[in-house]
Each structure stands twice: as structure tokens, then as C-alpha cells.
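S.K.: give me a model of this one.
(one chain, ligands or ions: 1)
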Amino acid sequence: MTSAGHRAQAPDDAGTGDAGAGAVSRLAPAARRFLARRRGVLVRLALWSLAESGQAFLVGYGVARSVDDGFLAGDPRRGLLWLAVAVAAVLTGAPVVRGVFAQLAGLTEPLRDALVRRAVDRSLVRVAAGGSGGPDRAAVSRLTNQVEIARDSFAGLVLTLRSFVFTAAGALLGLLSLHPALLVVVMPPLAAGLALFLVTLRPMAAAQRRALAADEALGDHAARARAALRDLTACGTGPAAERRGADLVADAAAAARTLAGWAAVRTAALGVAGHLPVLALLVAVGWLRGRGVSAGALLGAFTYLVQSLLPALHTLMTALGAAGARLLVVLDRIVGPPPDPTDAPVATASRADTADGHGHGHGRVHCHGTGGRSPDGASPAQHGAAPVPALELRSVTLSYGARAEPVLDSLDLSVAAGEHLAVVGPSGIGKSTLTRLAAGTLAPSGGEVRVAGSPVAGRTAPELAALRVLVPQEAYVFSGTVADNLAYLRPDAGREELDAALRAFGLRPLVERLGGLDAPVRPVELSPGERQLIALVRAHLSPAPLLLLDEATCHLDPASEARAEEALAARPGTLLVVAHRLSSAVRADRTLVLDGVRAVCGTHDELLGRSPLYRDLTGHWCARPSRRP
Ligand SMILES: Nc1ncnc2c1ncn2[C@@H]1O[C@H](COP(=O)(O)OP(=O)(O)OP(=O)(O)O)[C@@H](O)[C@H]1O
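M.R.: Numbers count the residues shown, from 1 in each chain. Next up is the predicted model:
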């Protein structure tokens, strides 16, 4: 089992201002290249924006002239004419915005396409490199959510930044044209508010980054914990995963608080820059009048502030604050340096967190047969030759799918001829997978499986049938006579052999009830336990030296199970039993405990001392009422 460990990017590291500055310098060359290739669009955008400047200028100027040259000068016709100019300027806003949007698409859509291309390329490279960080879980998010965020944020930024610059230029020019003293009053609070706003930019970007990282870490932990729920329960590591979850929630909450703090500072900046100039203008009316500022100019100045500068400032601060920081973070993820393929995804909980080391993978466990009887009952030493294991797994890895976590990982196992091995472990740990690998019905993703000294890979069905029998949990009984069913794997079995097997398994009463060996069997009329007994006798009669039982006695009562297992163990050959009762494990020569990296093999007594999971399982088995057929 691999453990990603805590390579999570700590939110504090991620949230430094340096990280934000680093992102800016990383992204700047690509941004310059992107914009340089779109000079035509930029020029057209600037021309439409100039129209916005003119509009801002005319609104205030028209109001000022209508008062000074019209209504106050006793010429209402002239006043109305200037007002009409101001209204016309306001009304031109709609076509100007339409023109701006038309040009904007020339910037945002190519950006979106480039980001999608980049995200796909990067994901493919990662898959091709076969990084050990598992599947690229973030790829879909980058392709959909993050690219859309980048496009929308970019569009918002271009719109507001451009609008602010051109509107402010028009309004300030208007103020200057009305009277330079107006600028003396308006500029200081405006500049102070803007400066305060600029000061918040870096820490706000850092806080945004930290909040995003904390959010991702929390989501990732939740997803992993949900996937590992069964293991968490089986291994009793729920509290550890819960603690880790609580830490991540606390991190996310702290990041959100920091972000909210900076958002408050930004609101204050908006108040200073947007509202203080209006207040200053009111307070300074007497002073301004003393310097020759006319009533119309004052009214025009208020119009500039309220109608143009304040809304432009408001949208700029909101957009730069939220959209700007988001754009920086998302772009850096998609365009910035690719992550080390050997790294775990950023801010992820390790498997050790979620399963306390008890994952599906098994790490390298060496389980070598230490004796057992050979088919003829002699010990290997008596033969004087190196014993050939009945079953051997050499560094076997099995994943159900190219990018799936391995169910078995580098498992070494050697079962001696004549040995009786039990296999135990929590649900879903890979016990059935192991029996299917041994049976040759499932090919390993890595390593080799050998039965009786030869690889099982590439063998035909009849060759495999001669080597082993696999009895699954759901026994197969077919329509035919009782004898057909029992002797299916050994057609030449005589009546005496069949009778002996029936006695050994306590199956005679059932056969008599069915009407004898030649009576027909109707599978639906048999209980699951009766079907299992027939399948077990069939396997017992088979000449195959290796017998694999995958919970094949689960429907039998303990006494029938003990009788069946004893009969099977007495048969010449090797027995591997996936056990579902403690008694099965105790009867075996050795037991393999599939337990993540701590998979261990030994006798019942050894395992009680060495394997906490085995102790847990035996405790659970002892407490569980027996299942009856
Ligand atoms: N055909 C398959 N395709 C994909 N995943 C599979 C397949 N068969 C099993 N798995 C997965 O492999 C893991 C091991 O399954 P396996 O059946 O070997 O476990 P087990 O220890 O026998 O479980 P149980 O005690 O519940 O029978 C499980 O997570 C299971 O979901």
C-alpha cells in the first residue's frame, strides 16, 4: 500500500503574499504574449472605451452648463438644451456597452480555449507519465468549473478595469474643465481610498488562495473518507479520520474569517474613495464659492461623483477583489508549473489518515509454507528434493482497472503441498480476489501466480481444471441426477467412492430423501446449505490437488461445516479456505490475515499475539451467533 503522507500544502504556506506575487510573476509572460497577439481587439476596445470617457465627461458638464448658462442666467431654453445633452450622453451608454461586449468576446473566448487545451494536455501528460498520485481527480474540475471561473473573472476584470480608467479620466477631466479647485477637494479622499484598496490586494489574494486550498483539502478528505468507509469501520479508525476532518473544517473556517476581515477593509476603502469626496465637496462649498466656483460647476461636480465615479469605483473594487484574486489562483493552477507526478494531490488526506494504514493494498507480505504433508503423506525432507509449493504468489498485484487502487499489492505467498491455509480479513479486503487469482480465472496486474510449480497464466480450462477446484459461496447445482452432480469433476468415480464421500459429509440422509443417487435433482428445491454440501462433495471427489473454498461453507451450521472441512483437509492435496468463522481458522495449519500493509501469516496462536486485526476478528466471531442453513 502506498501512503501519500501529509504532503498537503499547508494553508499558511499557500496563503503568503509571496505565493500571490509568485503567481503574478509566473503568469505575467504568458499574459503579455496572449495580449500582444490580440492588439487589434485591444485597440477596438480602447476606442469604445473612449466613447465611455466622452459620455462621463458630457453628463457632468451638461448639468453644469445647464445651470450656469441656462437656468441661473435666465435662459431656460438654453438650460434645457444642455440638460438634453447630458441625457443624450446617458442614453448613449447602451450602444457603447454593446460595442464593448462585442470586442470582449475576442479576448475571453480565445482565453477559454487556451485554458481548456492546457488542462487537457496536462492531464494527458500526467496519465501517460503514470504518476503515483492516483487518478487526476481535479482534471474535470479544471476543465469545467475552473476554466469557467477564469473566463468569467477575466471578462469581469477587463470590463470594470477599463470602465473605471476611462470613466475616471472623463470625470476628472470634466472636474478640471469646470474648475481646478474642485480637484483639490475631490482628489485627496479619492486617492486615499484607492491607496487603501491597493494595499488590500495582495493579502486578499493570499487569503483567497488559502480559502480555496482549505476548501479543496476538506472536500478531498470527505471524498476519501466516504470511499474508505468500510475500511474505517472495519479497522476502527473512524475517530482518527473524524479528527482530521475537524482540523480541516477549522482550517477552512479560519481561512474564511481571514478573507472576511480583508473584505471589511476593502469595504472601508470603498467608503473612503467613493463617499468621502462627496462629503468633502459639501463641506468645502463655502471655500469653493469663495474661489469662484459657480453653482452649476458644483452641481456638475456632484453629478460626476454620484453618476460616474462612485459606480465605477464600486464595481472596480468588487471585481478586482474577488474576481482578480480568483483569476490569479485559478490561472496559476491551470497554467502554472505542473505538479510533481509523484506528489499526492495538493492538500489531500493520506490513506493512512482515512484507514489508519488498513487500506485495500497489502504491501509486501511473505507467507511461506513451513511444512504440510505432500500428497503421499511424506514430508519434503523425506523426498530429499526442494519442495515445490502447491500455490505460489510472487509479488502479485491486482487492480480492477488501469487507475484503480490495487486490491492486492506485491503479495508474496507460498502454500506448501498438503497444507491447509485459512484466509481471513475484513469485507472487501481481497479474499475472493486472492482465490480467483489462485484459480487462474483472474490475471494479476503484476507478478506471477504458480500452481504446483508452473505459472497458471496462459493455461487452458481443462489444464486449470486438472490443477485446482474453486468452490464459490453460491454453489452451483445443475438439473441432472444426484450422481451426475457429485461425480461431475470425476466421471469415473465408483459407487463405493460416492458412498464414502456422502458418509464423510453427512449427506446420505439428503440423497435418500431425494430418492437415491440416480434420482433427479431440482436445484430450486434445495436449500443453499444443501447445494453447498453437494458442491463440496463434488470438489472432494475431484482429482485436482488444490482445493480453493471461497466462503463455500457459509450456509452450513458449525457442525456440518467442521465435518465438511475435516473431510476436505483429510483428502490428499492442498486446501485454501476463505474462512468466515473462527473455527475455520483454528482448524487450518496456518492463517493468512489480509490486513493492509500489516498482512500477516501464522498459526492461530501466533496471530493472536501478532495481529490486532486477527484479535478483533476472533472477538467479533466469538460474539456472533452462528448462521444456520
Ligand atoms: N470485478 C470487480 N470489479 C471491480 N472491483 C472489484 C471487482 N471484484 C471485486 N472488486 C473490489 O475489490 C475489492 C476486493 O473484493 P473481494 O471480493 O476480493 O473482497 P473480499 O475480501 O472477498 O470481500 P467479502 O468478504 O465481502 O466477500 C472490493 O473493494 C471490491 O469492491
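S.K.: so, low pLDDT: which residues of this protein?
M.R.: Scanning the chain for pLDDT under 70 picks out 1-23, 126-144, 228, 230-236, 321-322, 325, 336-386, 596-598, 619-629.
S.K.: longest helix anywhere in it?
M.R.: Assignment by DSSP state H gives helix 180-227 as the longest helix of the chain.
S.K.: any residue of that one up close to the ligand?
M.R.: No - interface with the ligand: helix 180-227 contributes nothing (CB under 6 Å from any ligand atom), its closest point being 9.7 Å away. Glycine gets a C-beta too; all of them are placed from N, C-alpha and C.
S.K.: spell out which residues of this protein are next to the ligand.
M.R.: Counting by CB under 6 Å from any ligand atom, the chain sits next to the ligand at 360, 400, 407, 425, 427-433.
S.K.: which one of those residues has the most neighbours?
M.R.: Within these, most neighbours by other CB atoms under 10 Å means Ile429, with 28 neighbours.
S.K.: ok, that one to Ala535 distance?
M.R.: Remark: distance between Ile429 and Ala535 (CB to CB, to the nearest Å) = 24 Å.
S.K.: if we can go back for a sec, show me which pair in the residues of the chain next to the ligand is furthest apart.
M.R.: The largest distance within those, taken as CB to CB, falls between Tyr400 and Gly425 and amounts to 16.9 Å.
S.K.: Three-state assignment for the residue lying farthest from the centre of the chain, please.
M.R.: Distance from the C-alpha centroid of the chain peaks at Gly74, with 74.1 Å (CA atoms, centre = their mean). With DSSP: H, G, I helix; E, B strand; the rest coil as the basis, Gly74 sits in coil.
S.K.: how far away is it from the ligand?
M.R.: Noted for Gly74: a distance of 91 Å to the ligand, by CB to the nearest ligand atom, to the nearest Å.
S.K.: endpoints of stretch 568-583, how far apart?
M.R.: 15 Å (CA to CA, to the nearest Å).
S.K.: now swap in stretch 407-420 and tell me
M.R.: 24 Å.
S.K.: pretty sure Leu398 is touching Thr435, no?
M.R.: No - using CB atoms under 8 Å, Leu398 makes no contact with Thr435, being 11.8 Å away.
S.K.: count the neighbours of the closest residue to Leu507 other than its chain neighbours for me.
M.R.: Excluding the flanking residues, the one nearest Leu507 by CB to CB, 6 or more residues apart in numbering is Leu533, at 5.3 Å. Residues near Leu533, counting by other CB under 10 Å, number 26.
S.K.: which residues does Leu533 contact?
M.R.: Taking CB atoms under 8 Å, 6 or more residues apart in numbering as the criterion, Leu533 is in contact with 505-507, 510, 556, 560, 564.
S.K.: take those and keep only those in helices.
M.R.: Among these, the members found in helices (DSSP H) are 505, 510, 560, 564.
S.K.: quick one, which of these are buried?
M.R.: Using 16 or more other CB atoms under 10 Å as the burial test, the ones in helices among the contacts of Leu533 include 505, 510, 560, 564 as buried.
S.K.: closest one to Leu327 out of those residues, please.
M.R.: Distances from Leu327 to those, taken by CB to CB, are shortest for Ala564, at 68.7 Å.
S.K.: surely that closest one and Ala501 touch.
M.R.: No - Ala564 lies out of contact with Ala501 (CB under 8 Å); the separation is 10.7 Å.
S.K.: where exactly do the helices run in the stretch 51-200 of the chain?
M.R.: All helices of the stretch 51-200 of the chain, identified by DSSP state H, counting those that start in this stretch, fall at 76-91, 93-129, 139-141, 147-178, 180-227.
S.K.: and Arg610, which of these is closest to it?
M.R.: Comparing the helices of the stretch 51-200 of the chain by CB to CB, helix 180-227 comes nearest, at 28.3 Å.
S.K.: that closest one to helix 147-178, inter-axis angle?
M.R.: Orientation check (axes from the mean of the first three to the mean of the last three CA atoms, to 10 degrees): helix 180-227 against helix 147-178 gives 170 degrees.
S.K.: any idea how far helix 180-227 is from the chain center?
M.R.: For helix 180-227, the separation from the chain centroid amounts to 27 Å (computed by CA atoms, centre = their mean, to the nearest Å).
S.K.: pretty sure Val449 sits in a helix.
M.R.: No - under three-state DSSP, Val449 sits outside any helix and is assigned strand.
S.K.: report the contact partners of it.
M.R.: 391-394, 396, 437-438, 440, 455-457.
S.K.: bridged to it, which residues?
M.R.: Applying DSSP bridges to Val449 gives these bridge partners: Leu393.
S.K.: isn't Val249 right next to Leu218, touching?
M.R.: Yes - counting by CB under 8 Å, Val249 does reach Leu218; the two are 6.4 Å apart.
S.K.: give me the more crowded residue out of the two.
M.R.: Using other CB under 10 Å, the more surrounded residue of Val249 and Leu218 is Leu218, with 20 against 14.
S.K.: domains of this structure?
M.R.: Residue ranges for the domains of the chain, per automatic domain parsing: 11-354, 360-623.
S.K.: mind checking how far the shortest one is from the chain centre?
M.R.: What that stands for is domain 360-623. Relative to its chain's centre, domain 360-623 lies at 37 Å (CA atoms, centre = their mean).
S.K.: please renumber the chain so that the first residue is 45 from this point on.
M.R.: Yep, numbering from 45; the last one is domain 404-667 now.
S.K.: specify which member of the contacts of Val493 is nearest to the ligand.
M.R.: Distances from the ligand to those, taken as CB to the nearest ligand atom, are shortest for Leu481 (9.5 Å).
S.K.: tally of neighbours for the nearest residue to Pro247 once chain neighbours are set aside?
M.R.: Leaving aside its sequence neighbours, Pro247 sits nearest to Trp306 (CB to CB, 6+ apart; 5.7 Å). Residues lying near Trp306 (other CB under 10 Å) number 20.
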